[in-house]
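> next input, structure requested:
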Amino acid sequence: MNVRASLMALLGALLLAGCAPTSVSNLTPRTVPVTSTRTYPFEVTWDTSRRGVKADAVKAYVVIDGTLYPMTKVPVVFNRWEALVPIPEGRTYVPYKYRFDYVIPGVSSRTPTSEWSPEYRLVVPAR
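Numbering: from 1, shown residues only. Below is the predicted model of the structure:
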């Protein structure tokens, strides 16, 4: 591969990396103290640069063991959601993800789509 082709490939990769359409920021701490109710707060922000996504139509979920727990949009704060999720007694390690459902505009209709976060882990120390 010649130098020019290498530079073009590098430039293309940099452009694609800089144009990521969404970003997820997990605001949930990695470790939380045990609560008497065994419910724990999950918080996340989700931002997108995709055109036509209506912020008020985005639905967010915490996904634990295949179960979707709906999140509530935080008032006044842009693109931030929270939920209180029950964690059964005896579980000290909980892998979870976030899922975001929204629609994108098409030529003649809107298309529903979903995006997932990477997997995170919550640690609840044993009593």
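> the strand or helix carrying residue 45: what's the following helix or strand?
For residue 45, the element it lies in under DSSP states H and E is strand 39-48. Counting by DSSP H and E, the next helix or strand C-terminal to strand 39-48 is strand 59-64.
> and the helix or strand following that following strand, which strands flank it?
Next along the chain after strand 59-64, taking DSSP H and E as the criterion, comes strand 67-70. Sheet pairing of strand 67-70 (DSSP bridges) gives strand 59-64 (antiparallel).
> for this protein, what's the longest strand?
strand 93-105 (DSSP state E).
> so what touches it?
22, 24, 26, 42, 44, 46, 48, 50-54, 57-64, 68, 71, 87, 110-124 (C-beta atoms under 8 Å, 6 or more residues apart in numbering). Heads up, the C-betas are built off the backbone N, CA and C, glycines and all.
> tell me the strands beside the strand holding residue 45, with direction?
For strand 39-48, the paired strands and their directions (DSSP bridges) are strand 22-26 (antiparallel), strand 80-86 (antiparallel).
> so residue 33, which state does it fall into?
For residue 33, the assignment made with DSSP: H, G, I helix; E, B strand; the rest coil gives coil.
> show me what contacts the closest residue in space to it that isn't next to it in sequence?
Excluding its sequence neighbours, the residue lying closest to residue 33 (C-beta to C-beta, 6 or more residues apart in numbering) is residue 125, at 7.2 Å. Contacts for residue 125 (C-beta under 8 Å, 6+ apart) come out as 31, 33-34, 92.
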